[in-house]
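Enquirer: Have a look at this prediction, sequence included:
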Amino acid sequence: MTGRERKAINRNYFNSYVWKPALATAGVIAPLGEGSIDGARVWEPSREHGFHAPRHFYASEELEAGESVVSLARWLGHSDPGFTLRKYSHLPRAGARGSAAIDAIFT
């Protein structure tokens, strides 16, 4: 993602001032407590609700839809499609399409 200047958005800025406030407003995470003395915005750390959550969602949906792992790797900036598979094949819906195809054979 890029900002108005077409430069990559700083993940810490995005997490603190865009992503986490949106999650708090939606009731997904607790609102920000009292700030620290220096005014820093410190949210509770969470991999599940962090900056990369939309990326993981996107990758899992693309794989589930049958997109080529080579294309997905390229779009995500991975030089090795094997890395992409290792990183995203553990997601809860990964493999659901194949399971549904096998289930359809036996019904």
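Expert: Structure received.

Enquirer: Name the nearest residue to Gly50, sequence neighbours excluded.
Expert: Excluding its sequence neighbours, the residue lying closest to Gly50 (CB to CB, 6 or more residues apart in numbering) is Asn15, at 6.6 Å. Just so you know, the C-beta spots here come from the backbone N, C-alpha and C atoms, and that holds for glycine as well.

Enquirer: quick one: low-confidence parts of this structure?
Expert: Along the chain, the parts satisfying pLDDT under 70 run over 1, 33-41, 90-102.

Enquirer: Which stretches in the protein count as helices?
Expert: For the chain, helices defined by DSSP state H occupy the ranges 11-14, 20-25, 53-64, 69-76, 81-88, 96-105.

Enquirer: Of all those helices, which one comes closest to Pro45?
Expert: Closest to Pro45 of those is helix 20-25 (CB to CB; 10.4 Å).

Enquirer: Can you tell me what sits against the closest one?
Expert: 29-32, 41, 43, 49 (CB atoms under 8 Å, 6 or more residues apart in numbering).

Enquirer: Many thanks, have a good one.
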